[in-house]
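Undergrad: Just a sequence and a predicted model for now, questions to come.
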Number of protein chains: 2
Amino acid sequence: MKVTLLAGGTGGAKLAHGFAMLDGVGLTVIVNVGDDAEMHGLHVSPDIDALLYTLIGLLDEERGWGIRGDTHSAHTMFDRLGAPTWFTLGDADLATNVERTRRLRAGERLTDATAGMASALGISARILPATDDRYRTRLQTDEGLLDFQEYFVHRRQQPEVRSVRFDGVETARPTPEVLDAIGESDLVVIGPSNPFVSIGSTLELAGVREAMMATNAVKVAVSPIIGGRALKGPADRMLASMGHEPSAVGVARLYSGLIGRFVLDETDTSLAPAIEALGMAADIRPTVMGSDTDRMALAAALIETRDMLTR
Amino acid sequence: MKVTLLAGGTGGAKLAHGFAMLDGVGLTVIVNVGDDAEMHGLHVSPDIDALLYTLIGLLDEERGWGIRGDTHSAHTMFDRLGAPTWFTLGDADLATNVERTRRLRAGERLTDATAGMASALGISARILPATDDRYRTRLQTDEGLLDFQEYFVHRRQQPEVRSVRFDGVETARPTPEVLDAIGESDLVVIGPSNPFVSIGSTLELAGVREAMMATNAVKVAVSPIIGGRALKGPADRMLASMGHEPSAVGVARLYSGLIGRFVLDETDTSLAPAIEALGMAADIRPTVMGSDTDRMALAAALIETRDMLTR
């Protein structure tokens, strides 16, 4: 059973972990790279790393990024050296970024660097950056146009976001692996990640929507909004500030025409009719993935109901 | 009083620290870069860093490199990622190398990157890499031709060294700052560092010997060999395996014609006549620099006796 998951931050990573723990699933995760940035001269890919760390059980779940129990000696030294320190990198996390940068400088595509690192970490899921090209999420906010990490980390998501754009969208291309994965899957899942900056960034790449439309896979999305709130991150506020309904329905509307089924949390049972009015099946499930068991249960439910799903 | 010190490893760094603690000394340290290497895609400069860390009191004196009390989370992660780990970099030490590499990739000369980092660390001494060009010490050993770090760290100095060569010696040039420092100093000191790989590497750069011969500075060397042994590192064994006398006399002979005075340890008083027979004054001093007081005392002695020194 070939499953392709579009993912961004921690919600998508948890669901990926759920699929990875199931037998008989060939998992491919297409990961947002709009959050990538250059820090200390290194290529940082926060969403790829959150996924890598989640899959090997090392993610600092409390912070939602980085490695649990990591030390911060490098951070202190960067500070002594006068280097900017608003983007905190733990020491082990720094090593990941150094190794990625080494591979990229040696000429590897981000796709291959990621595959090599995932393989070294013993990860069997295939992790595909959405693109190997330069592609950066930029946010038009009340306080001006900000790079994603500037908004997300440095400004702590304080400015209200009015629109999102992707630098490089005219020239960046999804990798052949990404398009093939969507085309060849039995099931394509849009993970419970921010629909603009985690999923939208990938969907906006030329050819991805078309591949989504053309695939024979069953297509389902999981709501990142539960009871009007994002479990983590600013998805709820971004929906509102960008003029959308800050609810599962607001998210579903963004995916209208693209998917056949939408999974929403038990908390949002009352929203099912509004979802179905968008022309997709509403699938009510527990979607909070606190434990490994929760993650596996949601992944298994997505797989088991595949045959019932509207294509 | 302008003092220029040629230095390599820990001995030279300790003497630099001694000079730096004295009032009224404008210190320039010309540092060996033949030990530089690429590790994890980063430009590592072990002798520059040993000097930086010594001057701010952070050197791990027991190991002779790296930062005292540093953590090693990055090392563990590099190992997980399948990256080579024979060259251990502590986490704070890694940050130093990341920052250096960032500056170099941004187009700074190694000279300027070093100056910027030293300044951020509050170091007032001027630290000059011997050259900004690619320049690498290679050792012909019983087990083949080895890169310096391969010999020094990976092979733990086990193979016997038969000769030393410097890749890039035909094209690498000392920086203008290096030649000016030698020319404009009142006192030029060859530190107690390995005469081949720490000092020889700098002296072999085109124009350095000539600058040493042309300067009006008083020129003095401090023996890195005490009682036939190097305090740290393989200088004693390298003298022997390369056909030199493994003693202060063997070192002095290498500097014959270049300096007017040679400082040897009290332990080696009996060698004074052999030193003087080489045409240089023998200056007997305590040269073991365990404490800050020892370091300052040796530096002060070198300065105070300047007027007595043979030019």
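TA: That came in fine, so what should we check first?
Undergrad: And what about the one residue in the stretch 101-250 of chain A that gets nearest to chain B, helix, strand or coil?
TA: Here the stretch 101-250 of chain A gets closest to chain B at one residue, A:Arg102, 3.0 Å apart by Cβ to the nearest Cβ. From N, CA and C alone the C-beta is placed, and that goes for glycine too. Assigned with DSSP: H, G, I helix; E, B strand; the rest coil, A:Arg102 falls in the helix class.
Undergrad: wait, it sits on B:His40?
TA: Yes. Counting by Cβ atoms under 8 Å, A:Arg102 does reach B:His40; the two are 5.5 Å apart.
Undergrad: Mind listing the shared neighbours of these two?
TA: B:Ala83 (Cβ atoms under 8 Å, 6 or more residues apart in numbering or on different chains).
Undergrad: Okay, now the unreliable bits of the stretch 201-311 of chain A?
TA: A:306-311 (pLDDT under 70).
Undergrad: which residues of it fall in strands?
TA: A:218-222, A:225-226, A:229-230, A:261-265, A:281-285 (DSSP state E, counting those that start in this stretch).
Undergrad: Throw those into TSV and include distance to chain B and mean neighbour count, thanks.
TA: Formatted as TSV, the strands of the stretch 201-311 of chain A follow (distance: least, Cβ to the nearest Cβ, whole Å; neighbours: other Cβ atoms under 10 Å in any protein chain shown):
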stretch	distance to chain B	mean neighbour count
strand A:218-222	30	25
strand A:225-226	33	24
strand A:229-230	30	18
strand A:261-265	34	25
strand A:281-285	34	18
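Undergrad: so can I have CSV of the ones you listed showing distance to A:Leu128?
TA: As requested, the strands of the stretch 201-311 of chain A are exported to CSV (distance: least, Cβ to Cβ, whole Å):
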stretch, distance to A:Leu128
strand A:218-222, 17
strand A:225-226, 26
strand A:229-230, 25
strand A:261-265, 22
strand A:281-285, 26
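Undergrad: out of the ones you listed, nearest to A:Ser247?
TA: Closest approach to A:Ser247 among the strands of the stretch 201-311 of chain A (Cβ to Cβ): strand A:225-226, 5.8 Å.
Undergrad: Quick one: residues in contact with the closest one.
TA: By Cβ under 8 Å, 6+ apart, strand A:225-226 touches A:235-236, A:239, A:246-248, A:250-251, A:265, A:267-268, A:287-288.
Undergrad: switch to 10 Å and redo it
TA: Identification of contacts with strand A:225-226 by Cβ atoms under 10 Å, 6 or more residues apart in numbering or on different chains yields A:192, A:194-195, A:231, A:235-236, A:239, A:245-252, A:264-268, A:271, A:286-288.
Undergrad: contacting residues for the closest residue to chain B within the stretch 201-311 of chain A?
TA: Shortest the stretch 201-311 of chain A-to-chain B distance, computed as Cβ to the nearest Cβ: residue-wise this is A:Asp292, at 20.7 Å. By Cβ under 10 Å, 6+ apart, the residues touching A:Asp292 are A:Lys14, A:His17, A:Gly18, A:Met21, A:Gly57.
Undergrad: Name the nearest of these relative to chain B.
TA: A:Gly57 (12.2 Å).
Undergrad: Specify the local secondary structure of the closest one.
TA: Classified using three-state DSSP, A:Gly57 is coil.
Undergrad: same thing with A:Asp49?
TA: A:Asp49 - assigned by three-state DSSP - is helix.
Undergrad: Once you drop chain neighbours, what's closest to it?
TA: Sequence neighbours aside, A:Thr96 is the residue nearest to A:Asp49 in space, at 5.7 Å (criterion: Cβ to Cβ, 6 or more residues apart in numbering or on different chains).
Undergrad: do A:Val208 as well
TA: A:Pro174 (5.3 Å).
Undergrad: Does that neighbour touch A:Gly183 like I think?
TA: No. Using Cβ atoms under 10 Å, A:Pro174 is not in contact with A:Gly183; the gap is 11.4 Å.
Undergrad: possible to save the contacts of A:Asp292 as CSV with secondary structure and pLDDT?
TA: As requested, the contacts of A:Asp292 are exported to CSV (DSSP: H, G, I helix; E, B strand; the rest coil; pLDDT from 0 to 100):
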residue, secondary structure, pLDDT
A:Lys14, helix, 97
A:His17, helix, 98
A:Gly18, helix, 98
A:Met21, coil, 97
A:Gly57, coil, 95
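Undergrad: Contacts only, for the residue of chain A positioned farthest from its centre.
TA: Distance from the centre of chain A peaks at A:Arg80, with 33.7 Å (Cα atoms, centre = their mean). Contacts for A:Arg80 were tallied using Cβ under 10 Å, 6+ apart; they are B:Ile56, B:Leu58, B:Ala92, B:Ala95, B:Thr96, B:Glu99, B:Met117, B:Ala120, B:Leu121, B:Gly122.
Undergrad: filter those residues to the buried ones?
TA: Neighbour-count burial within the contacts of A:Arg80 applies to B:Ile56, B:Leu58, B:Ala92, B:Ala95, B:Thr96, B:Glu99, B:Met117, B:Leu121; the criterion is 16 or more other Cβ atoms under 10 Å in any protein chain shown.
Undergrad: Much appreciated, bye for now.
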